[in-house]
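**Q** Quick check, what structure comes out for this input:
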Amino acid sequence: MKKIYGILALILISHDAHALAVDMNEPTVIKADKIEYNLKTETIKTVGKTEISNKSGQKMTLADSYITKNGTDLSGNDIQIWLGPHVYVESKNVTKENSITIAKQASFTACKNCDSFGEAWEISAKRIKHNLDNHMLYFYNMLFWIYDLPVMWLPYFDMPDPTVKHKSGFLMPNFESTNKMGTQINLPVYLYLSDTHDATVTFSYLTAENPLFQLEHRLNGDHSEFRTRGSFTHNREGKNRWHVFHDDVIELGENARANIFLERASDKTYLQKYGFYSEQPYLDSGARLELFGQSGYVVADAHVFQELRTNSTHYSAPAGDILPNIYAVYQTRPLFASTYATFMGDILGISGDGFASQRLIGEARVTSPWTVWGGNRITASVAARYDIYNFYNTEMIDGEVYSGLKNRFLPSGYLEWGLPLFRPRETWTQIIEPRARVTFMRHIHDSEFANSNDSAGALLSDATLFSSNRFSGLDLWENGTFADYGLRWAAFNSDGETVETFIGQSYDFTKRAATDPNSGFHDGQSDYVGRIGYNNMKWLNLYSRFRLSQENLELRHIETNGVIGTERNFVNIGHIWSKQFYDILTEVESIHEIMGGVGIGITDRWSVRWDMIYNATENHWQQHRGALYYEHPCYYLSFGYRRDGTIKEDYKGTTTFQFRFGISVDGKHY
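**A** Next up, the predicted model:
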């Protein structure tokens, strides 16, 4: 038996796109009963059974072949091609003349020998033609098989070959069924506009509602990307309902970036009814410009909001639109030792229905951290801040509607101490760290400004301790001197296991104005706050933060998150409970919500996923969903449902069932 090594043209069916392609670049081995090489015409002729293999492991067997050196002409009978462990092509006869290749009585599968009871899927055709000039494949009299059963016949079908990265055409449809709008059939069409520009248009037919049209548009530039998603329907009630989500990111050099974003819907319930809702409480549209350097950062942004909730307050959503907000911060190099200065500026404008306010804030702060004898860490900081406000018909915290100017000078400072103590051992290393901070702030009587500005009150937690301003936002002022103190213990070992606990408290030396009974702050001692966590970096990760009454250590608030298990088999847990008071003596209904999820790998291919949110305060399911998945090397499918229990205006929760199916080749979904 003879062997010839060289560069030969092989006609191969590409496993990336189920198509014919030419491989001219890999060294090839030919084995045959008889091989003839014509030096004059530079052609190879084999007689009998012939085997051709290349460096990547692809193999082709055929009989009585004829191949020219440059691959312009080729012919052979009874061709079998292995492109991978399960990617297989068979053809009775293949001929190639210049740019046209024709395979007769051909079949293709990416599931050869995957299952003992047959090929999961296979495509057969009476004739397949490949045109190298336009990079297209043409199938004549094509039949699609699933486990040796014919399921779909087409007289003609064409598709691009693997050298084409993008090609317009239909994508795999998917199906949904809801108890409100009947069965929904989604038919997506991919539109190729250029290598960096494409779109997907989806027509959705609904049996109990008018059709829905969806669009997803993508455009990439050298230093930018643009994304748009939207939908539209004219429903049976004669109303136009729609949504648009748009996001542009533009890089303006190494130190600047711009962002334009748009989120709008025709009404409050459209996103939920048609399945586009992702728990967002309001939609945000606007623009942002960021400038950043090694020691400074500036951001200018504007926001126009659309409220989606039926009821909301200024504590949970902005009141009015933000036009604009400019925030800048700059930190100097060390002035001496580790001491540095920070300068901050903030401009905010808010406008709403008949009211407006503008705010200008400037602050300078000097911070000096030191590590002294015994490992003690001392940090001292002083700051001076000046605010100017202009109000027009704006409601103040005390209920007064005010127009005019207000200003205030707000000096502050803090002194913080910490002492981390380490105890290394062969198994576990332990750390115990006491920490305390005293914050000094100017006490003023008109510290509480407008309802419509960015502050949303204070909520005590372990994350708000050791902060100069414990309110959300900049408008409300702590108004006095307070101390924070706490104790942290942690341990870790060489396997990555970690344990952490923390307990702390705040003490106000100045009487607080209009203290929210649910905030955890009181005159004098606050409630106790803490956290506890454990992670073994394998199958268990638990974390919980809590708040206890300073009077009797009664539980007032707890948030818990945990994941137990592995990637395929797991349980995740989320829980929030918070006792609520109307005033210091009157208890009202508590906040109580449970989140959870389960994943079970039934076999290597079958798995189940389920997750839920349960409103325990009102005793109803807010939402839950689950699905059964099957991941085969050659295809994938899923059966799932989603139940939304929300009741809002004209929307009442729906149950949606969904079925998806697609072909897989070498782990890629089509």
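**Q** Look at the most centrally placed residue in the chain and report its pLDDT.
**A** For the chain, the residue sitting closest to the mean C-alpha position, by C-alpha atoms, centre = their mean, is residue 278 at 11.5 Å. Looking at residue 278, its pLDDT reads 73.
**Q** all helices for the stretch 251-400 of the chain, in order.
**A** Along the stretch 251-400 of the chain, the stretches classed as helices by DSSP state H, counting those that start in this stretch are 270-273.
**Q** show me where the stretch 501-650 of the chain has strands.
**A** In the stretch 501-650 of the chain, the segments counted as strands under DSSP state E, counting those that start in this stretch are 524-525, 528-535, 540-548, 555-565, 570-581, 587-601, 606-615, 620-631, 635-644, 647-648.
**Q** which one of these lies closest to residue 364?
**A** strand 528-535 (30.8 Å; C-beta to C-beta). C-beta coordinates here come from the backbone N, C-alpha and C atoms, glycine included.
**Q** roughly how far is the closest one from the heart of the chain?
**A** 27 Å (C-alpha atoms, centre = their mean, to the nearest Å).
**Q** what do you get for stretch 278-292?
**A** Taking C-alpha atoms, centre = their mean, the mean C-alpha location of stretch 278-292 is offset from the chain mean by 15 Å.
**Q** And for stretch 342-351?
**A** 30 Å.
**Q** Could you export that stretch as CSV, CA atoms only?
**A** Coordinates of each C-alpha in stretch 342-351 appear next as CSV, following Å, rounded to 0.1, in the frame of the first residue of the first chain:
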residue,chain,number,x,y,z
THR,A,342,-11.0,64.7,48.1
PHE,A,343,-13.1,67.3,46.3
MET,A,344,-16.7,66.6,45.4
GLY,A,345,-19.3,68.7,43.4
ASP,A,346,-22.9,67.8,42.6
ILE,A,347,-25.5,69.6,40.5
LEU,A,348,-29.1,68.3,40.5
GLY,A,349,-32.3,69.5,38.8
ILE,A,350,-35.7,67.9,39.4
SER,A,351,-38.9,68.9,37.6
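**Q** could you redo the strands of the stretch 501-650 of the chain as a markdown table and give each row mean neighbour count, mean pLDDT and distance to residue 451?
**A** Listed next are the strands of the stretch 501-650 of the chain as a markdown table, based on neighbours: other C-beta atoms under 10 Å; pLDDT from 0 to 100; distance: least, C-beta to C-beta, whole Å:
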| stretch | mean neighbour count | mean pLDDT | distance to residue 451 |
| --- | --- | --- | --- |
| strand 524-525 | 12 | 92 | 27 |
| strand 528-535 | 18 | 97 | 27 |
| strand 540-548 | 17 | 96 | 26 |
| strand 555-565 | 17 | 95 | 25 |
| strand 570-581 | 16 | 94 | 21 |
| strand 587-601 | 15 | 93 | 22 |
| strand 606-615 | 16 | 95 | 28 |
| strand 620-631 | 16 | 91 | 29 |
| strand 635-644 | 17 | 88 | 32 |
| strand 647-648 | 12 | 76 | 25 |
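**Q** Same list (the ones you listed) but as JSON lines, adding distance to residue 437.
**A** Shown next, in JSON lines, are these (distance: least, C-beta to C-beta, whole Å):
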{"stretch": "strand 524-525", "distance to residue 437": "16"}
{"stretch": "strand 528-535", "distance to residue 437": "14"}
{"stretch": "strand 540-548", "distance to residue 437": "19"}
{"stretch": "strand 555-565", "distance to residue 437": "22"}
{"stretch": "strand 570-581", "distance to residue 437": "26"}
{"stretch": "strand 587-601", "distance to residue 437": "30"}
{"stretch": "strand 606-615", "distance to residue 437": "37"}
{"stretch": "strand 620-631", "distance to residue 437": "39"}
{"stretch": "strand 635-644", "distance to residue 437": "45"}
{"stretch": "strand 647-648", "distance to residue 437": "44"}
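**Q** out of the ones you listed, nearest to residue 423?
**A** strand 528-535 (18.7 Å).
**Q** the inter-axis angle of the closest one versus strand 555-565?
**A** Here the directions of strand 528-535 and strand 555-565 differ by 10 degrees (axes from the mean of the first three to the mean of the last three C-alpha atoms, to 10 degrees).
**Q** Show me the contact partners of strand 528-535.
**A** For strand 528-535, contacts defined as C-beta atoms under 8 Å, 6 or more residues apart in numbering pick out 460-462, 465, 486, 496-505, 520, 540-550, 553.
**Q** What ranges does the stretch 101-250 of the chain have for its strands?
**A** 122-131, 136-146, 149-160, 169-170, 174-178, 182-194, 197-206, 212-220, 224-234, 240-251.
**Q** got CSV for those, with distance to residue 268, mean pLDDT and mean neighbour count too?
**A** Shown next, in CSV, are the strands of the stretch 101-250 of the chain (distance: least, C-beta to C-beta, whole Å; pLDDT from 0 to 100; neighbours: other C-beta atoms under 10 Å):
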stretch, distance to residue 268, mean pLDDT, mean neighbour count
strand 122-131, 48, 86, 20
strand 136-146, 44, 85, 17
strand 149-160, 43, 83, 12
strand 169-170, 34, 82, 10
strand 174-178, 19, 83, 19
strand 182-194, 22, 90, 15
strand 197-206, 21, 94, 17
strand 212-220, 18, 96, 17
strand 224-234, 16, 96, 17
strand 240-251, 11, 96, 16
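**Q** Residue 647 and residue 621 touch, don't they?
**A** No: counting by C-beta atoms under 8 Å, residue 647 stays clear of residue 621, with 11.7 Å between them.
**Q** dump the residue contacts of residue 471.
**A** Applying C-beta under 8 Å, 6+ apart to residue 471 gives the contacts 455, 456, 457, 458, 477, 478.
**Q** What remains of the residues you listed if I keep only buried residues?
**A** Buried members of the contacts of residue 471, counted by 16 or more other C-beta atoms under 10 Å: 455, 456, 457, 458, 477, 478.
**Q** Name the nearest of those relative to residue 369.
**A** Nearest member of the buried ones among the contacts of residue 471 to residue 369, counting by C-beta to C-beta, is residue 478, at 22.1 Å.
**Q** Would you confirm that the closest one belongs to a strand?
**A** No: judged by DSSP: H, G, I helix; E, B strand; the rest coil, residue 478 forms no part of a strand; its state is coil.
**Q** Please list all residues in contact with it.
**A** 439, 441, 469, 470, 471.
**Q** Let's have those residues in JSON lines, adding secondary structure, pLDDT and distance to residue 350.
**A** Shown next, in JSON lines, are the contacts of residue 478 (DSSP: H, G, I helix; E, B strand; the rest coil; pLDDT from 0 to 100; distance: C-beta to C-beta, whole Å):
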{"residue": "439", "secondary structure": "strand", "pLDDT": "95", "distance to residue 350": "28"}
{"residue": "441", "secondary structure": "strand", "pLDDT": "90", "distance to residue 350": "25"}
{"residue": "469", "secondary structure": "coil", "pLDDT": "80", "distance to residue 350": "19"}
{"residue": "470", "secondary structure": "coil", "pLDDT": "82", "distance to residue 350": "22"}
{"residue": "471", "secondary structure": "strand", "pLDDT": "79", "distance to residue 350": "17"}
